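Trainee: Model the following, please.
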Amino acid sequence: MSTSQSPKQAIAWQLEFPVSLFFPHEAAAEQWLGDWSDNLMEAGALSLMLDETALQILIPTDLDPDVWWATQKAQVTGLALQAHPKVTEILDEDWVRSTQAQFEPMVIADQLWLGPSWHEVPDSFRDPPRRALTIDPGLAFGTGSHATTQLCLQAVAQLVKSIAGSPSHPVTKPASRRILDYGCGSGVLGLAWAVLSETHDEVIGLDIDPVAVATAKDNARLNELEHCTRFIDAEAAVHGPFDLVLANILAQPLKVLAPVLVELSSKGQLVLAGLLDRQAEELIDIYLEVSKGDCQLEIFGQKDGWTCLWKRPQTSSAA
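Mentor: Numbering: from 1, shown residues only. Modelled structure (predicted):
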């Protein structure tokens with residue numbers, strides 16, 4: 001194993017495998033990665049990226065790369081992976097620089113401009129009903145660039161639109177709604193609700209990663225949304241019901257958390273993402289069974305092999 005040494009702070013280990021060493025075709029590699037990605041993430045991987053030349057896996061610095069890879073490789077059969085990946089440190093300034101290079105502004109459902117602070121907000125998104133949200137990812141995941149986050153943002157935009165109704169037939173708004181972003185990352189989903197709804201709704205985001213919680217709080221301040229948002233550690237107690245629960249995590253945690261998420265969203269809407277297309281039907285069945293038929297999920301959208309599920313909003317209710 002070769003590692004690079006630096007006195008500067010490392011925030012992750014990167015394990016890199018040349019694609020040609022374990023699969024002759026990228027399509028086959030993508031299929032394999034899709035089958036194995038859940039296990040990798042559950043075992044502590046922070047992210048996975050596959051391009052035409054390499055597979056890259058990021059893991060936290062508190063894990064030993066040699067030990068972690070030996071454990072994961074033992075679970076894989078029939079693959080000609082090399083004994084040791086190339087291991088390097090990802091430094092904090094490398095993370096910021098690569099994020100700034102990759103995170104370009106985007107527009108969601110023609111309603112929301114989403115971009116980092118180093119990009120200027122277009123004039124057309126400075127006044128309602130089109131709004132802008134500035135998100136600086138820092139060291140947390142959830143910039144809005146991933147397909148699962150984009151699908152969730154589209155669901156949020158559509159739910160907000162269903163609440164507003166049309167100018168000639170506005171929907172009566174309750175005084176305040178409760179929104180929960182379960183696994184908030186950078187806080188992008190909860191903050192998107194807050195800026196688009198333009199209400200005094202209570203938005204709560206929680207995450208197991210204290211860095212994510214801190215980053216979400218920073219993004220709330222950046223958008224002057226501290227008055228209606230609260231980001232907390234996942235171990236903190238939260239009490240339902242919520243008018244909307246957003247959970248953009250992975251399929252396995254969504255299965256385990258089904259009883260919790262069903263209960264928290266029992267009187268409102270539920271949006272689930274972070275699952276592959278092939279996992280959608282299983283999740284639909286699990287939530288239907290856990291809720292004893294009350295939580296009927298359907299596919300909201302699909303993109304790049306990922307699926308977003310939701311309970312379709314009722315025309316007479318907000319969320």
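
Trainee: just so I have it, where are all the strands in the stretch 201-319 of the chain?
Mentor: Taking DSSP state E, counting those that start in this stretch as the test, the strands found in the stretch 201-319 of the chain are 202-207, 229-233, 244-248, 269-276, 298-303, 306-310.

Trainee: cool, and the stretch 1-150 of the chain?
Mentor: Going by DSSP E, counting those that start in this stretch, the stretch 1-150 of the chain shows strands at 10-18, 47-50, 54-59, 86-91, 106-108, 112-115, 131-134.

Trainee: Name whatever forms a beta bridge with the most centrally placed residue in the chain.
Mentor: Central residue of the chain (C-alpha atoms, centre = their mean): Asn248, 4.4 Å from the mean position. With DSSP bridges as the criterion, Asn248 is bridged to Ala273.

Trainee: Roughly how far does it sit from Trp69?
Mentor: 27 Å (C-beta to C-beta, to the nearest Å). Where you see a C-beta, it was placed from the backbone N, CA and C, and this is true even at glycine.

Trainee: do the same with Ser266
Mentor: Ser266 sits 42 Å away from Trp69, going by C-beta to C-beta.

Trainee: what about the two, which has more around it?
Mentor: Higher neighbour count among Ser266 and Trp69: Trp69, with 22 against 15, using other C-beta atoms under 10 Å.

Trainee: Show me the shaky parts of this structure.
Mentor: By pLDDT under 70, the low-scoring segments of the chain are 1-8, 19-35, 38, 50-53, 75-83, 92-103, 137-145, 164-175, 313-319.

Trainee: can you rerun that using 50?
Mentor: Regions of the chain meeting the criterion pLDDT under 50 cover residues 1-2, 4-6, 24-26, 77-79, 166-170, 315-319.

Trainee: count of residues packed around Met41?
Mentor: 19.

Trainee: Surely it touches Leu250?
Mentor: Yes - checked against C-beta atoms under 8 Å, the pair Met41 and Leu250 is within contact range at 5.3 Å.

Trainee: So what's the residue count around Pro18?
Mentor: With other C-beta under 10 Å as criterion, Pro18 counts 12.

Trainee: how far away is the nearest residue to Leu55 once chain neighbours are set aside from Glu282?
Mentor: Nearest residue to Leu55, sequence neighbours excluded (C-beta to C-beta, 6 or more residues apart in numbering): Phe17, at 4.5 Å. Phe17 sits 29 Å away from Glu282, going by C-beta to C-beta.

Trainee: In terms of packing, which of these two has more residues around it?
Mentor: More crowded of Phe17 and Glu282, by other C-beta under 10 Å: Phe17, with 20 against 13.

Trainee: any idea how far Trp36 is from the more buried one?
Mentor: From Phe17 across to Trp36, the span is 12 Å (C-beta to C-beta).

Trainee: returning to what we had before: quick check: which of the strands of the stretch 201-319 of the chain is nearest to Val160?
Mentor: strand 244-248 (9.8 Å; C-beta to C-beta).

Trainee: Can I get the closest one in PDB, CA atoms only?
Mentor: The C-alpha trace of strand 244-248 is given here as PDB (Å, rounded to 0.1, in the frame of the first residue of the first chain):
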ATOM      1  CA  LEU A 244     -43.600  16.200   5.500                       C
ATOM      2  CA  VAL A 245     -40.700  13.800   6.200                       C
ATOM      3  CA  LEU A 246     -37.800  13.700   3.700                       C
ATOM      4  CA  ALA A 247     -35.300  10.900   3.900                       C
ATOM      5  CA  ASN A 248     -32.600  10.800   1.300                       C
END
